[in-house]
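Trainee: Output the structure for:
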Amino acid sequence: MSTAPALDIRTADLADPRVIRLLEDHLADMFATSPAESVHALDVSGLAVPEVTLWTIGDGDDLLGCVALKQLDPAHGELKSMRTDAAARGRGLGARLLEHVLAEASRRGYARISLETGAEEFFRPARTLYAKYGFAECPPFADYALDPNSVFMTLELG
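Mentor: Next up, the predicted model:
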């Protein structure tokens, strides 16, 4: 029988240095792979608003990833800040985080959840994961504009 600690998803503490490091790594990757004008990732101040909830996934004291859900309106949420630490990729953590957000969006009564991700090859695994969960490409939503470096996706929730 395995005694490995269970992965834990919890609301993030935006003052936690481990959370800040995850977010800084996320922003660094975004700016390294996309033109600055096409980076829509949120920093700590962008996540510290009432309409955004950030969760982390951890294994003991190690934070391995994060994901946020932003309320656009009472029926529409946006997936933000999806990140798995580079050293923890390939363990299914992205799927666990996505399932958590989808369950929370349903609990909140959202009819739809949308996202913006990159069009570059770096983002292909994320786009593949989103498509596996039923997200389909869509036009820009909320305040986004058409951008050749962005892919917009949405999922109607049942």
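
Trainee: Give me the neighbour count for Ala75.
Mentor: Number of residues near Ala75 (other CB atoms under 10 Å) recorded here: 12. No exception for glycine: its C-beta is placed from N, CA and C like everyone else's.

Trainee: wait, Ala6
Mentor: Other residues within reach of Ala6, judged by other CB under 10 Å, total 7.

Trainee: With Gly60 instead?
Mentor: Burial of Gly60 is recorded as 11 neighbouring residues (other CB under 10 Å).

Trainee: now Met30
Mentor: Neighbourhood size, Met30 [other CB under 10 Å]: 19.

Trainee: can you give me the helices in the chain?
Mentor: For the chain, applying DSSP state H gives helices covering 17-33, 44-47, 93-107, 124-132.

Trainee: now the angle from the third one to helix 124-132?
Mentor: Orientation note: helix 93-107 sits at an angle of 40 degrees relative to helix 124-132 (axes from the mean of the first three to the mean of the last three CA atoms, to 10 degrees).

Trainee: neighbouring contacts of helix 93-107?
Mentor: Outside of helix 93-107, the residues that reach it under the criterion CB atoms under 8 Å, 6 or more residues apart in numbering are 7, 9, 53, 55, 57, 64-67, 69, 77, 79, 82, 84, 113, 125-126, 129-130, 133, 155, 157-158.

Trainee: Adding distance to Tyr144 and mean pLDDT, write the helices of the chain out as a markdown table.
Mentor: Formatted as a markdown table, the entries for those read as follows, by distance: least, CB to CB, whole Å; pLDDT from 0 to 100:
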| stretch | distance to Tyr144 | mean pLDDT |
| --- | --- | --- |
| helix 17-33 | 15 | 93 |
| helix 44-47 | 15 | 94 |
| helix 93-107 | 19 | 96 |
| helix 124-132 | 16 | 96 |
